[in-house]
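Student: Sequence plus the predicted model coming up.
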Amino acid sequence: MTPYYSENGIDIYHGDCREILPMFRQAVVISDPPYNVGYHYGEYSDMLPREEYESLLKMAFRPSSVILHYPVEIFTVARLLRRAPDRCVSWVYSANTPNQWRMLAWFGVRPDFSQVKQPYKNPSDKRVNKLIEKGSLGTNLYDWWRIEQVKNVSAEKSDHPCQVPLKVMEQAVAITPGELIVDPFLGSGSTLVAARKLGRRAVGIEMDEQYCEIAAARLSQGVLDLV
């Protein structure tokens, strides 16, 4: 099958993930799936009967998956996979909605939080000062990420109706081991943009050609930014 987009180890496939995903059985899945709450997507109905929605989740995720979803649905995925997450992270943001956070859950793969450093909270502490003097770039990433949502005024905003912040996917990709990453619900392409930035091999699958175009444009723009 010919990719819709292919450049420097990053591929986009236009089509239904239920047909294309079996091509990548050894890949680690990292994805923000449809939430089944009625978002207005183009080619996809985001209000499936419950049984059909759970069937979609069960098909898309396998051991060696990283899933971004509302917390209650992480329990659904755990039931479908018949295993508890190995690790979880809270993504917290400000929003005028009842939901103020989402969960990232690692199933069958253990993230390495030391791959991302963040500033020390107490740089004036004597012990921390000594670490900084020795060249320490910060402490390991925490399991609580405060990252604001992509809004209409955000610099990274595309025409996708439900865009995940690049920083969320960048941190998720950075701490997740695996030779190949696949996102079966590519959407605006944040997972692939993060993978390209980090030098990782990745595949995205998207059934809506308009969203394939958005993701490809973001990847192309990112390449231009690096020149």
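Tutor: Received it, and whenever you're ready, just let me know what you need.
Student: Contacts for the longest helix along the chain next, please.
Tutor: If you go by DSSP state H, the chain has its longest helix at helix 209-226. The contact list for helix 209-226, computed with C-beta atoms under 8 Å, 6 or more residues apart in numbering, reads 4-5, 7-8, 10, 12, 14, 42-43, 158-160, 186-189, 192-193, 196-197, 204, 206. For the C-beta atoms, the positions are set from N, CA and C on the backbone; glycine is no exception.
Student: Same question for stretch 76-88.
Tutor: With contact meaning C-beta under 8 Å, 6+ apart, stretch 76-88 is reached by 54, 57-58, 61-63, 65, 67, 69, 74, 103-111, 143.
Student: hang on, the earlier thing: out of the contacts of helix 209-226, which end up buried?
Tutor: 4-5, 10, 12, 14, 158, 160, 186-189, 192-193, 196-197, 204, 206 (16 or more other C-beta atoms under 10 Å).
Student: sorry, back to before: distance between the longest helix of the chain and the chain's centre?
Tutor: Chain-centre distance of helix 209-226: 16 Å, with C-alpha atoms, centre = their mean, to the nearest Å.
Student: Okay, buried residues for that helix please.
Tutor: For helix 209-226, using 16+ other C-beta under 10 Å, the buried residues are Tyr211, Cys212, Glu213, Ile214, Ala215, Ala216, Arg218, Leu219, Gly222.
Student: Averaged pLDDT, that helix. What do you get?
Tutor: What helix 209-226 shows for mean pLDDT is 82.
Student: can you tell me how far Glu156 sits from Gln163?
Tutor: 7 Å (C-beta to C-beta, to the nearest Å).
Student: what's the answer for Ala174, then?
Tutor: 19 Å.
Student: Now do the strands in this protein.
Tutor: Assigned by DSSP state E, the chain shows strands spanning 5-7, 10-14, 28-31, 65-69, 87-92, 101-107, 117-118, 139-140, 144-146, 180-183, 201-206.
Student: Pull up the pairing partners for the fourth one, direction included.
Tutor: Okay, so that is strand 65-69. Its sheet considered, strand 65-69 pairs with strand 28-31 (parallel), strand 101-107 (antiparallel) by DSSP bridges.
Student: Could you single out the most deeply buried of those strands?
Tutor: Of all the strands paired with strand 65-69, strand 28-31 has the most neighbours on average by mean count of other C-beta atoms under 10 Å, namely a mean of 26.
Student: ok now that one, how far from the chain's centre?
Tutor: Per C-alpha atoms, centre = their mean, the centroid offset for strand 28-31 relative to its chain is 7 Å.
Student: Perfect, that will be all.
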